[in-house]
Each structure stands twice: as C-alpha cells, then as structure tokens.
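Novice: Sequence isn't available, so here's the structure alone:
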C-alpha cells in the first residue's frame, strides 16, 4: 500500500517514526525534508487492527532501510500505540518523545501549510485527548509552535460520569450540564429530554459525581455537542462516537433563516480563561419550552460555538499579538460549524489555515507528532 508524501518546510535532523493515536490514526515516517503518511487504522484495541498496525511499521521501516532512533507517540498512557512505542525501546534502543494530543493536531496543520517554527493561535476541537494535567481535553485554544504550547482558553470541565460509557450514552453528559446550570431542579424542567431519562439512574450518577468516583473531568467540544444533541434531539444512546453530534449538524444545516446565538461567559482562571456555556444551556432550555424550531436551536448552538471561537481568538490576539489561526481536530469535520467560524474570523481579519491534504481528525495527528519531535531531539 502506498504512502502519502508531504514535503516539509525544514529538514529533519534524524529519521522519526510517529505512531499516532488510537482510533482512525495513521503512522508517519519523516526524514530529511519529507514525511510519509500511512493509511489510517481503526481501533487498535481490536487485535486484527493492532496486528495490521504492527505489520505496517515493519514494512515502512524496511522500505527506508533502518529503524529510526526517535519514536514520537501520544501522551495517553492507555493508547495501544503508546504502549507499543514503549515496548519498542526495549528491542530497538530508540528514544521516545511524548507529544500532547492537541499540540500534535495543531503542528500537523502548521506543517501541512508549510509554516516555519512560528507562534500561532491553535484551535483544537475533538472528542478527547489526554491533557497535561491528567484530565481529558478537547476544546483547546493554544499559543503553539513546533517546540511547545501554552493552553490559554478551554471549555469548562464536566465529569464523564461512568467513564467511556458516557460517550455512548450522551444523556449523561446532557444531565451533567443541566445539573451545573440548574442544580437538581433540572429534573423538574418540562422537557421531552427529562421525560426520557431514568431518574434513579441519574441519582446513581449524581452520587458518583459527589464521591468523585469514575467521574473524570473532561473539557471537550465534542462532548458538548453530544450533550446538546441529547437535549435537543432526545438522543440518549448512540452506536458510535459523534453519532449524536452528526445528527445535530444535519438538523442545523436544514435551517435557512439567520440563526441567533446564545449567551456564554469567558472567565479568568489563573493564567488561562474558561468558556462557561451554562448560559447557552439556559437559552436552549428556554427555546425548547417555548416550542421554538429545533432546527433553529441547533443552528443557534453552532453559531454560539463559532462566537466562542471568535471571542477566544480575539482575546489571545489582544494579549499575544498573534494573527494566524490554525483549525484542527475532528469537530471541524462539521462543515456547518467550520463555515460559521471562518466567516466570523475573516471579518476580524485573522489569517486562518485549515487542513488541505490530511483530514482534521486523528488520521493526521502522526504528522504533527513527527513535527514536534523534530524540534525536541
């Protein structure tokens, strides 16, 4: 199977193998002024996929004649790609370089657009990535270059109640946001969503939250979309990640009038800023109770997220005097959101770069890992 070749704007000092993330991710072999990207692999936790991943590493390194001494991998300790990278050091005498998930997203888009090592505003939106504080990230505004990054703005945390199962049961996320917004009174709201959830199940989840048991904090735009989709569409269970968010985008895309955004706050928290969408949920609930068009509510939420992006980028530009904005991460597969966001930032005269060759999803993350590793060895 052929490899996708990408010309690089600078020379790689030592060959690098980047092993990507865990689901729908690729491999990258970089040397001199070229990077070679493999096809994407499905979930590496499935044995057949993991074996294909291992065989592809062997075939790539054989093609280029030697095994590289530098291996770049994700920081998530439970990713199978990370575990495999760790195992390789025992037999290949290779040096490992761990790269934060969202830093890799931004670096991949920078490299694809042939930027040299300069500071950019990186907007990385996805489902989840392992953060430097050992929580789950996924709604990141970074000041980034190839060497390093700083997290400047992020979405308010909400617990992933029950762990990964909450991704397949987005009613848990919606309930958590409603609880943050209204307290336990959210159960008295006259909404179709409230009628669909099991109150006893919520009671168990609330106890888990209060006892901090299996309730890892998550700051994720993908999970926020899941929560709003559950609330607006009544989607309480899904068969695959982002199914609810895709349905919400489809609903919003059918709205032909000018959408109206909802409120939100951006609050200072130490050296960073936190986007608080509880006003957004208050507005959505009010519109649902008033029997407003669900298409209009979905479109209004998309516009609100685009307005969050504009406000956050303006805040960073005012502080750091950076005008180049990079978009990456799986959430930007949402074309409706992407267009709204680009339109708002263009009006503010930002220089905006997006993926043109690789997908914005994890399929492009290995290129970013190689880029970061090249500047840190």
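Specialist: Alright, I've got the coordinates. Because the structure is a prediction, the values reported are computed rather than measured. Numbers count the residues shown, from 1 in each chain.
Novice: all helices of the chain, in order?
Specialist: 47-63, 80-92, 101-112, 165-168, 171-182, 192-196, 199-210, 221-233, 243-253, 278-289, 294-320, 335-347, 365-374 (DSSP state H).
Novice: Could you pull out the buried residues of the worst-scoring helix or strand of the chain on mean pLDDT?
Specialist: Least confident element among the helices and strands of the chain, by mean pLDDT, DSSP states H and E: helix 80-92 (a mean of 89). For helix 80-92, the neighbour count (16 or more other C-beta atoms under 10 Å) marks 80, 81, 82, 83, 84, 85, 88 as buried. For glycine as for every other residue, the C-beta is placed from the backbone atoms N, C-alpha and C.
Novice: Tell me what residue 325 is bridged to.
Specialist: Judged by DSSP bridges, the bridge partners of residue 325 are residue 121, residue 352.
Novice: hang on, isn't it packed against residue 350?
Specialist: Yes. If you go by C-beta atoms under 8 Å, residue 325 and residue 350 touch, sitting 4.9 Å apart.
Novice: ok, those two, which is more surrounded?
Specialist: residue 325 (23 against 19; other C-beta atoms under 10 Å).
Novice: The more buried one: what's it in contact with?
Specialist: 120, 121, 122, 123, 313, 345, 350, 351, 352, 353 (C-beta atoms under 8 Å, 6 or more residues apart in numbering).
Novice: burial measure for the residue lying closest to residue 129 once chain neighbours are set aside, as a count.
Specialist: By the measure of C-beta to C-beta, 6 or more residues apart in numbering, the closest residue to residue 129 outside its immediate chain neighbours is residue 101, 3.0 Å from it. Neighbourhood size, residue 101 [other C-beta under 10 Å]: 28.
Novice: And the one 10 residues further on, by the same measure?
Specialist: Residues within reach of residue 111, counting by other C-beta under 10 Å, total 26.
Novice: that older thread, tell me the one among the buried residues of helix 80-92 nearest to residue 216.
Specialist: residue 82 (17.6 Å; C-beta to C-beta).
Novice: Let me see the contact set for the nearest residue to that closest one once chain neighbours are set aside.
Specialist: Of all residues not flanking residue 82 in the chain, residue 73 sits nearest, at 4.9 Å (C-beta to C-beta, 6+ apart). With contact taken as C-beta under 8 Å, 6+ apart, residue 73 is in contact with 18, 19, 79, 81, 82, 85, 86, 96, 97, 98, 99, 369.
Novice: hmm, try it at 6 Å
Specialist: 19, 81, 82, 85 (C-beta atoms under 6 Å, 6 or more residues apart in numbering).
Novice: Can you pick out the most distant pair from those?
Specialist: Checking these with C-beta to C-beta, the most distant pair is 19 and 82, at 7.7 Å.
Novice: quick one: contacts for the residue positioned nearest the centre of the chain?
Specialist: In the chain, the residue lying closest to the centroid (C-alpha atoms, centre = their mean) is residue 126, at 1.8 Å. Residues near residue 126 by C-beta under 6 Å, 6+ apart: 138, 222, 329, 330, 331.
Novice: Ok, residue 26 next?
Specialist: By C-beta under 6 Å, 6+ apart, the neighbours of residue 26 are 20, 37, 38, 40, 363, 366.
Novice: In strands only, show me those.
Specialist: residue 37 (DSSP state E).
Novice: which among the contacts of residue 26 end up buried?
Specialist: 20, 37, 38, 40, 363, 366.
Novice: pLDDT and distance to residue 108 added to the residues you listed, as TSV?
Specialist: Putting the buried ones among the contacts of residue 26 into TSV (pLDDT from 0 to 100; distance: C-beta to C-beta, whole Å) gives the following:
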residue	pLDDT	distance to residue 108
20	97	10
37	98	10
38	97	14
40	95	13
363	95	10
366	98	8
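Novice: most remote residue from this protein's center?
Specialist: residue 65 (34.9 Å).
Novice: And that one, its phi and psi?
Specialist: phi 90, psi -20 (degrees, to the nearest 10).
Novice: how's this protein carved up into domains?
Specialist: 4-111+362-374, 158-353 (automatic domain parsing).
Novice: still on that earlier bit, reformat the contacts of residue 73 into a markdown table and put distance to residue 54 next to each item.
Specialist: As requested, the contacts of residue 73 are arranged in a markdown table below (distance: C-beta to C-beta, whole Å):
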| residue | distance to residue 54 |
| --- | --- |
| 19 | 10 |
| 81 | 10 |
| 82 | 14 |
| 85 | 12 |
